[in-house]
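Enquirer: Coordinates for the following, if possible.
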Amino acid sequence: MKNCGIRLKLILWFSLILVTIVGVTMMTVFSASKAVLLGAIRDHLVSTVEENADNVRYAAAAVDRGDNVYIPWEDGYLEIDLDFITVADEAQIALCAGDGTLIYGESPLRGQTEQIPFLRDRTRSMRTEAASYEIYDRQLDIPLPGGQSLWLRGVVPETDSEMQLGQIARRTLLFLPLLILLSVLLVWLLAGRLLAPIRKIEETAERISRGDDLKQRITVSPSSDEVGRLAVVFNRMLDRLERSFEAEKQFTSDASHELRTPVSVILAQTEYTLEKRRGAEEYIEALEVVQKQGRRMEALVDDMLACTHMEQNPQRYPMEPLDLSGLAAETAAQMALIGTGGITLATEIESGIRITGNRALLARLMQNLISNAYRYGKENGHILVGVRREDGQAVLSVRDDGIGIPEEEQDRIFNRFYRGDLSRSEQGTGLGLSIAQKIAELHGTVIRVESEAGRGSTFSVRFAAENALMNP
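Expert: Now for the predicted structure:
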């Protein structure tokens, strides 16, 4: 059954449950029917015996009363009215002496009545080799000489109830298989309709696996049931996979392009150097070029790995309360040691501003923003790192007075490997701002830029109120 489809499993389970319910129902119906039929037989038997109780009397002498029956008894007669019922719908009534001797009437237990004791006003079942019977005994309240007693015994076979139960069973066994078959057929059709979207999901997934076409989507009628919601979720997953796949393709292409340049420089430099024997200074110069390009490749690979880790394993960066003011001051002090191009780094940091975040990631965000400010700053320029409270939020900013960013390029500066000023492209990997933006997104915010060509840029990050633990 493990290899069966969902549709067949549903049918098999439904059939098993249906057969079980039908079996229990049949047993219950048969049991109830038998109880009802047996109760009706007993009621009829008791009423017939009770009616005959008034049709038997003791008389000292026989008196001609039409067709009444007179049976000699001791010094008188037992007078039995014409209305005495001996047989009524298979129920047979017999008048018996106290010792079980049959005096008058009919009984299917003729010859056995002496062995069956009387039980007053009580019905009971008895089984013989021939059949099963219901018996009811009624003692007559007739004063007789000698203190003897008379009994009326009613006996009816259970063959009538068994016959009716047999008819019910035959009709049920004829009707129920048709009902089960019809129910299974309807469930088969219904399961096919309900599972149609799942088949579409399977077919779509199969087409995607064969051709890598992530543009495939599942077309299903609008529905709020589980299957409909599954199709919607699957389409959303495909949308996300398509975006991720396209981003990875672009990332791979860009990374290959970025790595090709330093690799080409290294190969060209080594080939040139090895063409003939050269002096020590030329070898040192060649090694410096190789070292520079190797470090560039190392930085590029590190940044690429950082991007991948943040995208695929964001849970590896736990968030915890931290002092943003202290972290910004510490990072700015470290970055001030770079001091390239005579650029001065200063700070305007309000103390005691705390947020919830990842210390290592936020430190890298600041480092990337400050490195970007150094790279695109002007000679003897200035960089200002600030942390302040504003409208219940913690605001981190990095401002420079460098070359600025043209308005048409401001939407693209956070793209991977994008560089605004190609003359300074050798100074970075092109991933700094992209990594910084990803870090901001992991903290539930984004980096905003305000810039004007030739007048500098300001990058700011506003931490949402729920992430900001502001001291009063």
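Enquirer: Can you list the neighbours in contact with stretch 362-372?
Expert: Taking C-beta atoms under 8 Å, 6 or more residues apart in numbering as the criterion, the residues outside stretch 362-372 that touch it are 306, 322, 324, 327-328, 330-332, 334-335, 338, 345, 383, 385, 396, 398, 428, 432-433, 435-436, 439-440, 443, 447, 459, 461. Any C-beta I mention is one placed from the backbone N, CA and C, and that applies to glycine too.
Enquirer: and the biggest helix by length in the chain, average pLDDT?
Expert: Taking DSSP state H as the criterion, the chain has its longest helix at helix 159-211. pLDDT averaged over helix 159-211 equals 74, rounded to a whole number.
Enquirer: Hmm, Ala286 is touching Thr273, no?
Expert: Yes - with contacts counted by C-beta atoms under 8 Å, Ala286 reaches Thr273, the gap being 4.2 Å.
Enquirer: Is it possible to mark the buried ones in the contacts of stretch 362-372?
Expert: When those are checked for burial by 16 or more other C-beta atoms under 10 Å, the buried set is 306, 322, 324, 327-328, 331-332, 335, 345, 383, 385, 396, 398, 428, 432-433, 435-436, 439-440, 443, 447, 459, 461.
Enquirer: In strands only, show me those residues.
Expert: Among those, the subset assigned to strands under DSSP state E consists of Leu322, Leu345, Ile383, Val385, Leu396, Val398, Ile447, Phe459, Val461.
Enquirer: Among these, find me the one that's closest to Glu242.
Expert: For Glu242, the closest of those turns out to be Ile447, at 25.9 Å, with distances computed as C-beta to C-beta.
Enquirer: Let's verify Pro72: helix, strand, or coil?
Expert: The three-state assignment at Pro72 reads strand, by DSSP: H, G, I helix; E, B strand; the rest coil.
Enquirer: ok, now which ones touch the nearest residue to it once chain neighbours are set aside?
Expert: By the measure of C-beta to C-beta, 6 or more residues apart in numbering, the closest residue to Pro72 outside its immediate chain neighbours is Leu78, 8.0 Å from it. The contact partners of Leu78, taken as C-beta under 8 Å, 6+ apart, are Val56, Arg57, Tyr58, Ala59, Tyr70, Ile71, Pro72, Leu95, Ile103, Tyr104, Leu150.
Enquirer: can you pick the most crowded of the residues you listed?
Expert: The member of the contacts of Leu78 surrounded by the most neighbours (other C-beta atoms under 10 Å) is Leu95, with 24 neighbours in all.
Enquirer: okay but that residue is in contact with Asn55, surely?
Expert: No - under the contact definition of C-beta under 8 Å, Leu95 does not touch Asn55, with a separation of 9.6 Å.
Enquirer: Which neighbours do the two have in common?
Expert: Ile80.
Enquirer: separation between Asp109 and Ala130?
Expert: For the record, residue 109 is Leu, not Asp. Applying C-beta to C-beta, to the nearest Å, the value for Leu109 to Ala130 is 10 Å.
Enquirer: quick one: which of those two has more around it?
Expert: Between Leu109 and Ala130, counting by other C-beta under 10 Å, Leu109 is the more crowded of the two (20 against 9).
Enquirer: for Arg354, helix, strand, or coil?
Expert: Going by three-state DSSP, the secondary structure assigned to Arg354 is strand.
Enquirer: who's it bridged to?
Expert: Beta-bridge partners of Arg354, counted by DSSP bridges, are Asp323, Leu469.
Enquirer: Not counting residues beside it along the chain, what's closest to Tyr104?
Expert: When the adjacent residues along the chain are set aside, Tyr104 lies closest to Leu95, with 4.3 Å between them (C-beta to C-beta, 6+ apart).
Enquirer: And the host helix or strand of that neighbour, what does it pack against?
Expert: Taking DSSP states H and E as the definition, Leu95 sits inside strand 91-97. The contact analysis (3 or more C-beta pairs under 8 Å, 6 or more residues apart in numbering; DSSP states H and E) places strand 91-97 against helix 6-52, strand 102-105, strand 150-157.
Enquirer: Where does pLDDT dip in the stretch 301-450 of the chain?
Expert: Counting by pLDDT under 70, the low-confidence segments of the stretch 301-450 of the chain come to 303-313, 416-430.
Enquirer: ok, back up a step: dump the contacts of Leu78 into a markdown table; add pLDDT as well.
Expert: What follows is the contacts of Leu78, written out as a markdown table (pLDDT from 0 to 100):
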| residue | pLDDT |
| --- | --- |
| Val56 | 89 |
| Arg57 | 87 |
| Tyr58 | 86 |
| Ala59 | 84 |
| Tyr70 | 86 |
| Ile71 | 87 |
| Pro72 | 87 |
| Leu95 | 90 |
| Ile103 | 87 |
| Tyr104 | 88 |
| Leu150 | 90 |
